[in-house]
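In: coords please:
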Amino acid sequence: MKRFIASLIALFCFLSLTGFKHIESHEQNKVNVLVVALSGVEIAKDEWQPTIDYLQLSLPQYDFRLIPVPPIELDRIRNLVLNQEIDFVITQPAIYVDLELNFGISRILTMVKKGGVAEFGSTLITRADSGIKTIEDLYGKTICGVAKLGFGGWLVGYKEMLTHGFYPYNDAKEVKFLGDQPKEIQAVLDGVVDVAVIRTGMLEKFSESNRIDLDNFRVLAPKHYPDFPMMVSSELYPEWAFAKTRNATNELSKDVAKALLSLESNSPVAQKAGFQEWTLPYDYQQAHELLKELRVGPYKDYGIITVRGFITQHMIQTVIIFILLISIVLMAVKIYKSNIILSKKIEAHKQAEAELERHVKELNKAFDEIKTLQGILPLCSFCKKVRDDKGYWEQVDVYIHKNSDANISHGICPDCMKEHYPEEYEAIESGKNVE
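Out: Numbering: from 1, shown residues only. Below you'll find the predicted structure:
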């Protein structure tokens, strides 16, 4: 009995382990393919499920699943790719460029439409009886597109309107985004909008399925290109891309690319999805340039220099500049403080010079006063000698010469001359009287 129970436990463990491994292997082999659903989710499922079934049949070791998302739900598309829930993306050029720049997806194939056409553009349509004949007639009208980042369904046609000098967001009465292109076409027919921007081939596709009559529509600014059979109003750009995300291995990507390239031209699978075949990837630089020119999607800030953007792009240079600025500020502060100290020293020096000059003036004045006779001089009453500060008696003229800057010259006053030289005095006086 014990052996039987032990055998059952061992068998249970074996089945459990093999079951978990099967589940784990199944999860590892699951492959999610996101397709941008221009015409809505249900139509996308109907058109693209045969392609998924073909891949499943060609690569049975994988479990392929289709995830259709309308272009108007771009944030959801980004989150699915960001969270590594998607392995491959089938999308128009604008969303491809956005996902390429933001999340590193890479194209592995480009779609070829019926007739071997691998390019497309925008068609601007209005009702035949609307009275609108040119883009210049759109002022004050209501315009619609599929989504803000819709490529053929908005951006390419938007650029064409700008080329004609018409700025939809400023000059139109209203700009609407309806989410899928069948709604756009129906909105034009119902008169809800005056003009719709749709991708090339949509009118022909709906006409072939007898859903519309082409005579009910007018194409604005029609253009013609060699070997391009569809009605178009714009330049042409590379067709849709089949791109791998970082979640897809190189081995898986090569297997999927080989399978799709092996798909027969115009096979029922291809016709169901509205294309002829897949080919090697085109260069999508033209799509990059369009988004740059319009400054939309990943290029919305293109050409606009912000502080944050500059720092992010030039981190090393920014750090060096920051260090230099700090050094300059510190040097300026140091120089400022040094100038203050120097100014105080200069001011103190000026005050010292003024004080010195004042003392010099006082000394000069004192010196001048020394050479000037001041006060009371002791004078002999009889001989008229003067006594100096040392007690010596000197003649008045000698004393004055020694103690002042005056020079002495000798002469005779009239009284002394009369007393000592009476004759000469009389003679001088007689001469005065004669005169």
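In: specify the beta-bridge partners of E394.
Out: Beta-bridge pairing for E394 (DSSP bridges): V386.
In: wait, it touches K385, no?
Out: Yes. At 6.1 Å, E394 counts as touching K385 under the criterion of Cβ atoms under 8 Å. The way it works is simple: take the backbone N, C-alpha and C, and place the C-beta from them, glycine included.
In: next SSE downstream of the lowest-mean-pLDDT helix or strand in the chain?
Out: None of the helices or strands of the chain scores lower by mean pLDDT, DSSP states H and E than helix 2-28, at a mean of 51. As assigned by DSSP states H and E, the chain's next helix or strand after helix 2-28 is strand 30-36.
In: what helices and strands are in contact with that next one?
Out: In terms of contacts (3 or more Cβ pairs under 8 Å, 6 or more residues apart in numbering; DSSP states H and E), strand 30-36 is packed against helix 41-58, strand 63-69, helix 74-82, strand 88-91.
In: specify the angle between it and helix 74-82 in degrees.
Out: The directions of strand 30-36 and helix 74-82 differ by 150 degrees, with axes from the mean of the first three to the mean of the last three Cα atoms, to 10 degrees as the criterion.
In: show me what counts as buried in strand 30-36.
Out: 31-36 (16 or more other Cβ atoms under 10 Å).
In: redo the residues you listed as TSV? Include distance to G411 and pLDDT.
Out: Output for the buried residues of strand 30-36, formatted as TSV (distance: Cβ to Cβ, whole Å; pLDDT from 0 to 100):
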residue	distance to G411	pLDDT
V31	142	98
N32	139	98
V33	141	98
L34	136	98
V35	139	98
V36	134	96
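In: widest-spaced pair of those residues?
Out: Spanning the widest gap among these are V31 and V36, at 17.5 Å by Cβ to Cβ.
In: report the buried residues of the strand or helix carrying W278.
Out: With elements taken from DSSP H and E, the one containing W278 is strand 277-279. Neighbour-count burial for strand 277-279 flags 277-278 (criterion: 16+ other Cβ under 10 Å).
In: for P268, see how far away V296 is.
Out: V296 sits 37 Å away from P268, going by Cβ to Cβ, to the nearest Å.
In: nope, V175 is what I was after
Out: Applying Cβ to Cβ to V175 and P268 gives a distance of 39 Å.
In: and those two? Which one has more around it.
Out: V175 (17 against 9; other Cβ atoms under 10 Å).
In: next, give phi and psi for that one.
Out: Backbone torsions for V175, taken as degrees, to the nearest 10, come to phi -120, psi 120.
In: please apply the same query to L178.
Out: Taking degrees, to the nearest 10 as the convention, L178 sits at phi -100, psi -10.
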